[in-house]
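Student: Attaching a predicted model along with its sequence, questions to come.
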Amino acid sequence: MANPPTGVIHEQAAATPRASAERVTLAPEPSFLLSAATLWWREVRTFYRQRSRVIGGLATPLVFWLLLGSGFGTSLRTSSAGENYLQFFYPGTVALVVLFTAIFANISIIEDRREGFLLSVLVAPASRWALVLGKIVGATSIGALQGLLFLPLAPLMGISVPIERIPLILAVLLVMSFGLTGLGFFFAWWLNSVQGFHSVMNIVLMPMWMLSGAVFPADGAASWVRWVMVVNPLTYGITAFRYYLAPAGMDVGGPSIVTCWAVTVAFAVLTLGASFYQANRSSPESLG
Amino acid sequence: MSTIPAVEVQDLVFRYGDRTALDKVSFSVDRGEIFGLLGPNGCGKTTLFRILATLLKPDTGVARVMGLDVVREPRAVRRRIGVVFQNQSLDRKLTASENLVHQGHLYGLRGALLRSRIDSLLERLGLSDRRDDKVDSLSGGLRRRVELAKGLIHQPELLLLDEPSTGVDPRARLDFWEYLQLLRRQEGITVLLTTHLLEEADKCDRLAILDQGSLVADGTPGSLKEQIGGDVVVLLTSPNSDRLSGDISKQFGLDPTIINGAVRFEHPKGAELVAQLMQALPEQIDSVTVSHPNLEDVFIRMTGRQFGETAAASDQG
């Protein structure tokens, strides 16, 4: 490794001493959008530099989908006629991609704290809102993008994705991803270890996914499970997604599309608020 | 230039539960100074550093940076300070210059202005040829320089450095100090750093010595050492340090202290006194050291303990 020689700090390189009067000029007023955008971009950039995360976030759901979907095959009859399990399980798989990506992206909050990056953001004049928003929107866009990468697989399994509905599907993915990332942020902010976050994932996030109509429909479930599914906000995102994948006019069951949208959006707003509240309470412990 | 001090701290108190991390600490730092906060680990200097960096709010007391209250006007303070933490704050998956771009954006810098700032900082710090290398692949000394560039991107008036020499090899440490002095000379920047290294504290213009949350002394390294006056004599004895200490105080009218089994005292003419001591108590003295006072002696004088002792006893900053 070619280290520069000692005395690298050349006087002449550092010419143009500034007059002391000039020193008073402050850097421009920090801008909210610029701060949020730069944190968003950093999030996306670092994510795609970690190949293991990119692949892990896609491969696990893919394996789940192919093995479970093909395994159950036609032995599980879902409400919609003629649908096999591989097809039924498809929206849930995409939701799992979004969920995994949101989880991985939120682990970066814990790493940022451990590695000190977070502290350097906290002492910058950028607002806390910009920090929270940059982080969450960053993880959201990664999640939605990863989910989108799954769309081309649908036709291969006999699921037709109407082209004109892709923008709507993307919108659902984005809002769903936003909500899940916000929830992850909320947990990640006060957890100081990646292990702790994994247990939250197993206790909260995975059951949330399992009881969202992603794995099995509500119709045949025990009544307490049905109730959990009704209060689970993820149910509404999955149902909306299912709705847009289904042929026009086909009943997918569950709540109406308007309800789905309302709940999904409300959940995203709620978790954003909770994350912001969390990030604004800086206790000595939260500084790492 | 205005006469408002760069840093002004008055009766600062900070508690972690029952433990008082800072107990009525007051001092001020003039503009253009390189000011050191010296103390063993756990003395409260990191807490003080975090208050000045607007990360913690003091329980009582006031801290001002460039006349701005750190609690009431944190954002205005943040724009004027550059902070370099003890732990690395760089994103290791990004390159040196990518790190600086993100940092610049957080301070409202963009476009050509930001690019020229980055170019000139990287050049000054001898990093131009490594700018597109991932931070992961840089040596510890080089990373330290990127950290410094990160803290300087917005041309702060006050640079806060937490233990800047921790984990850095001696050559990199020297480079670092050379650059700090250059910066101060050319830009009139004020530097406040924390350290537990006596030789680093010696390089500061002025110092405040913290021990167990209290400020025990402040002044220039020279004036602090002068307070001791004369020589420091340290005697090693095998039989019994209490006896030796007692004999010295009886026969010579001195007031020695015993630290880690060694008997020590300060005397204006220590060297001359040693000859008499050796004659008077030959069988008790194994070895003698006479030295000019250093900052360690100042610390011992102020606290009655050796500098290293408290460091081992506590590990929280």
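Tutor: All right, it came through fine.

Student: Which single residue in chain B comes nearest to chain A?
Tutor: Each residue of chain B has a distance to chain A, by C-beta to the nearest C-beta, and the smallest belongs to B:Gly126, at 3.0 Å. (C-beta placed from N, C-alpha, C; glycine too.)

Student: Does that residue touch B:Arg145 like I think?
Tutor: Yes. With contact defined as C-beta atoms under 8 Å, B:Gly126 reaches B:Arg145; the gap is 7.2 Å.

Student: Identify the contacts common to the two.
Tutor: Between them, B:Gly126 and B:Arg145 share the neighbouring residues B:Asp175, with contact defined by C-beta atoms under 8 Å, 6 or more residues apart in numbering or on different chains.

Student: The two: which has the busier surroundings?
Tutor: Just comparing B:Gly126 and B:Arg145: by other C-beta atoms under 10 Å in any protein chain shown the higher neighbour count belongs to B:Arg145, 27 against 21.

Student: how far away is that one from B:His154?
Tutor: B:Arg145 is 17 Å from B:His154, where distance means C-beta to C-beta, to the nearest Å.

Student: what mean pLDDT does the helix or strand containing B:Leu174 have?
Tutor: Per DSSP states H and E: B:Leu174 is located in helix B:170-187. Per-residue confidence for helix B:170-187 averages out to 86 on the pLDDT scale.

Student: Could you do stretch B:55-72 as well?
Tutor: When the per-residue pLDDT values of stretch B:55-72 are averaged, the result is 94.

Student: Over to stretch B:273-288?
Tutor: Here the mean pLDDT over stretch B:273-288 is 84, rounded to a whole number.

Student: same check, this time on stretch A:160-178
Tutor: The pLDDT scores in stretch A:160-178 average 88.

Student: Mind listing what's buried along that stretch?
Tutor: Neighbour-count burial for stretch A:160-178, with 16 or more other C-beta atoms under 10 Å in any protein chain shown as criterion, is recorded at A:Val161, A:Leu168, A:Ile169, A:Leu170, A:Val172, A:Leu173, A:Leu174, A:Val175, A:Met176, A:Ser177, A:Phe178.

Student: Equivalent analysis for stretch B:270-277, please.
Tutor: When neighbours are counted by 16+ other C-beta under 10 Å, the buried residues of stretch B:270-277 are found to be B:Gly270, B:Leu273, B:Val274, B:Leu277.

Student: so what's the backbone phi/psi at the last one?
Tutor: Its backbone dihedrals place B:Leu277 at phi -60, psi -50, with angles given as degrees, to the nearest 10.

Student: Run through the residues that contact it.
Tutor: Listed by C-beta under 8 Å, 6+ apart, the contact partners of B:Leu277 are B:Leu235, B:Ile248, B:Phe252, B:Ile285, B:Val288.

Student: ok, 7 Å please
Tutor: When contacts are counted by C-beta atoms under 7 Å, 6 or more residues apart in numbering or on different chains, B:Leu277 is found next to B:Ile285.

Student: swap in the third one?
Tutor: Taking C-beta under 7 Å, 6+ apart, we find B:Val274 in contact with B:Val233, B:Val288, B:Val290.

Student: ok, back up a step: hang on, the residue of chain B closest to chain A in a helix?
Tutor: No. Secondary structure assignment (DSSP: H, G, I helix; E, B strand; the rest coil) places B:Gly126 in coil, not in a helix.
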